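[1] Here is a sequence with its predicted model. Questions after.
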Amino acid sequence: QVQLVESGGGLVQAGGSLRLSCAASGRTFSTYTMGWFRQAPGKERELVARINWSGGSTDYADSVKGRFTISRDNAKNTVLLQMNSLKPEDTAVYYCTAQRIAGTRWDYWGQGTQVTVSS
């Protein structure tokens, strides 16, 4: 079993930055694909970014490309999401998630952290 705990959310003005952190338990963290999803009120949950087990491959939603950066530190069991040039439409609850087998379902989820961007 893997536990994921997010931190770093908060209130920021448009154009500002936040860095989300996800701390993972478990000795198999380094083998998992990790991702960040977000869900805004009244909208479906969407994949924002994902990173493969080594950190050598990343993918981003079109809406955040060039503004968000996902990274990981396998020695510290940590995944980061650096969010720059934030927009009000980035307001959502952000969830850290882990995928045991790449390309399959997302197996583990954190409790979420709120990000609010004011205009």
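    Looks like it arrived, so ask away.
[2] Please count neighbours and contacts with C-alpha atoms only from this point.
    Will do.
[3] now the closest residue to G8 other than its chain neighbours, which residues is it bridged with?
    The shortest distance from G8 to any non-neighbouring residue, by CA to CA, 6 or more residues apart in numbering, is to L20 (4.5 Å). Beta-bridge partners for L20, by DSSP bridges, are L81.
[4] ok, and the residue nearest the centre of the chain, which helix or strand is that part of?
    The centre of the chain sits closest to W36, judged by CA atoms, centre = their mean, with a distance of 2.5 Å. Element membership of W36 [criterion: DSSP states H and E] is strand 33-39.
[5] wait, the residue nearest to the centre of the chain sits on A49?
    Yes: at 5.4 Å, W36 counts as touching A49 under the criterion of CA atoms under 8 Å.
[6] returning to that earlier point: can you list the strands that the strand holding W36 pairs with?
    Partners of strand 33-39 in the sheet, by DSSP bridges, are strand 46-51 (antiparallel), strand 92-99 (antiparallel).
[7] Next, the buried residues of the first one.
    Yep, that's strand 46-51 we're talking about. L47, V48, A49, R50, I51 (16 or more other CA atoms under 10 Å).
[8] which element follows that strand toward the C-terminus?
    Following strand 46-51 in sequence, per DSSP H and E, is strand 58-60.
[9] and the angle from the helix or strand following that next one to strand 46-51?
    Counting by DSSP H and E, the next helix or strand C-terminal to strand 58-60 is strand 68-73. Relative orientation of strand 68-73 versus strand 46-51 (axes from the mean of the first three to the mean of the last three CA atoms, to 10 degrees): 40 degrees.
[10] quick revisit: closest one to F29 among the strands paired with strand 33-39?
    Distance to F29, taken as CA to CA, is lowest for strand 92-99 among these, at 8.4 Å.
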